[in-house]
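Engineer: Okay, here's the prediction I keep looking at, along with the sequence it came from:
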Amino acid sequence: MSQLLRARRILTEQGWLDDHQLRIESGAVAAIEPIPAGVTTRDAELLCPAYIDTHVHGGAGVDVMDDVPDALDTLAVHKAREGVGAFLPTTVTAPLEIIHAALMRIARRTQSGGPGAQILGSYLEGPYFTPQNKGAHPPELFRELDIAELNRLIDVSQTTLRVVALAPEKPGALQAIHHLKQRGIRVMLGHSAATYEQTLAALDAGADGLVHCYNGMTGLHHREPGMVGAGLTDKRAWLELIADGHHVHPGAMRLCCCCAQDRVVLITDAMQAAGMPDGRYTLCGEEVTMQNGVVRTGSGGLAGSTLSLDAAVRNMVEYAGVTAEEAIHMASLHPARLLGVDDQLGSLAPGKRANIIALDGGLHLQRIWIQGQALPL
């Protein structure tokens, strides 16, 4: 069965196509073609690739670390409602056996499929960090890098582990980066006090970029450019960005776009309070409080976000002054390229998976299709 979706504008990697239609067959895009003359009906104002959230800890009251039935299903349905067609459930620093259990649950769900957004594998955030910029991660559970331990994590994940985050100044970090890259895993740098030079050395060793740029790392100073300076100026580095206006000032968002517009990957870093009312929640085993949508630890530090990825796209247009096309690419094409799945996901093109969103002129989500199947919002 083939289906047609007609739009006033369709976004491709090359830009917008006016008055075109998508032909979908067997869950994939079969063709993108002009709407025939005389056909006046349109299914959408804008048709765009569904978003990809590479870094998310929870939402809708569930946490990726929760050992409860259907937690990942609940999260996947929640993510689809913000235009996300695929995502990486992201772990936090915890005792190793709890991390192992989370990776096993994510692996099972990756392989079995289920409702909502597709799960592409897991993202390991912690325990290989240093205390100076720990964020909400408990430093007493930080561990030293060990190749055998990393191999065990990969095995436990049934090779569905896609990204490992680590602090590049840790002993053995460069060897660990090289090893992980040989195993086909992306390496992101963060929760770290690394210098500019240490960050460049990690990128030289094969690291792929920065975990939530600006947050949890050495900042930009004119005599010590720090991790932020390395990430902004090194064209090899992908830069995760939490564009909620709380984690990163709009001026810093604009700076990111001035230096690295083609390397920005919008993420939510959302935790269980996303999509929920203000109140008390947990992250990394600690109680945190959400007030007016902002989550903080007891000491006042930011503790994950409640951002949705569709809001992040709108915020980039409003706060950073990028075009809608550029902002959508930051939430779709760029994360697909970071993960090396841009042959299947991240843009609308014949042969690619039919993960599609319909947006109105204000970039608000109207509908979502995953592998050609419309999902309820």
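Structural biologist: Noted; the coordinates are in hand.
Engineer: Strands of the stretch 201-350 of the chain, start to end?
Structural biologist: With DSSP state E, counting those that start in this stretch as the definition, the stretch 201-350 of the chain shows strands at residue ranges 209-210, 238-241, 264-266, 279-283, 286-291, 294-296.
Engineer: Would you reformat those strands as JSON lines and include distance to Glu149 and mean neighbour count?
Structural biologist: C-betas here are computed from N, CA, C, even on glycine. Listed next are the strands of the stretch 201-350 of the chain as JSON lines, based on distance: least, Cβ to Cβ, whole Å; neighbours: other Cβ atoms under 10 Å:
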{"stretch": "strand 209-210", "distance to Glu149": "23", "mean neighbour count": "28"}
{"stretch": "strand 238-241", "distance to Glu149": "24", "mean neighbour count": "27"}
{"stretch": "strand 264-266", "distance to Glu149": "27", "mean neighbour count": "28"}
{"stretch": "strand 279-283", "distance to Glu149": "24", "mean neighbour count": "16"}
{"stretch": "strand 286-291", "distance to Glu149": "24", "mean neighbour count": "15"}
{"stretch": "strand 294-296", "distance to Glu149": "30", "mean neighbour count": "19"}
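Engineer: nearest to Gly59, of these?
Structural biologist: strand 279-283 (10.9 Å; Cβ to Cβ).
Engineer: ok so, going back, a markdown table for the strands of the stretch 201-350 of the chain, including mean pLDDT and distance to Leu333?
Structural biologist: Listed next are the strands of the stretch 201-350 of the chain as a markdown table, based on pLDDT from 0 to 100; distance: least, Cβ to Cβ, whole Å:
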| stretch | mean pLDDT | distance to Leu333 |
| --- | --- | --- |
| strand 209-210 | 98 | 15 |
| strand 238-241 | 98 | 12 |
| strand 264-266 | 98 | 10 |
| strand 279-283 | 92 | 30 |
| strand 286-291 | 91 | 31 |
| strand 294-296 | 92 | 29 |
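Engineer: And the pLDDT at the residue nearest the centre of the chain?
Structural biologist: Centroid-nearest residue in the chain: Thr54, 2.4 Å away (criterion: Cα atoms, centre = their mean). On the pLDDT scale, Thr54 is placed at 98.
Engineer: Which residues are in contact with it?
Structural biologist: The neighbours of Thr54, taking Cβ atoms under 8 Å, 6 or more residues apart in numbering as the test, are 87-88, 123, 163, 240, 265, 267, 335, 338-339.
Engineer: Out of the residues you listed, which end up buried?
Structural biologist: 87-88, 123, 163, 240, 265, 267, 335, 338-339 (16 or more other Cβ atoms under 10 Å).
Engineer: Reformat those as CSV; add distance to Val187.
Structural biologist: Below are the buried ones among the contacts of Thr54 laid out as CSV (distance: Cβ to Cβ, whole Å):
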residue, distance to Val187
Phe87, 19
Leu88, 14
Tyr123, 11
Val163, 7
Glu240, 13
Val265, 14
Ile267, 16
Pro335, 16
Leu338, 11
Leu339, 12
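Engineer: can you tell me which residues contact Gly346?
Structural biologist: Per Cβ under 8 Å, 6+ apart, neighbours of Gly346: 49, 52, 332-337, 352.
Engineer: how about the residues you listed, which pair is most distant?
Structural biologist: Largest separation among the contacts of Gly346 by Cβ to Cβ: His334 and Lys352, giving 15.4 Å.
Engineer: Could you check which of those two is surrounded by more residues?
Structural biologist: Taking other Cβ atoms under 10 Å, His334 and Lys352 do not tie; His334 has more neighbours (25 against 18).
Engineer: if I look at the residue lying closest to Pro49 once chain neighbours are set aside, how far off is His212?
Structural biologist: In space, and not counting its chain neighbours, Pro49 is closest to Ser332: 4.2 Å by Cβ to Cβ, 6 or more residues apart in numbering. Separation of Ser332 from His212 (Cβ to Cβ, to the nearest Å): 19 Å.
Engineer: Between these two, which has more neighbouring residues?
Structural biologist: Neighbour tally, Ser332 and His212, criterion other Cβ under 10 Å: the higher count belongs to Ser332, 32 against 26.
Engineer: so the more buried one touches Gly83, yeah?
Structural biologist: No: using Cβ atoms under 8 Å, Ser332 is not in contact with Gly83; the gap is 9.3 Å.
Engineer: and for these two, which residues touch both?
Structural biologist: Contact criterion Cβ under 8 Å, 6+ apart; residues shared by Ser332 and Gly83: 50-51.
Engineer: Done for today, thanks.
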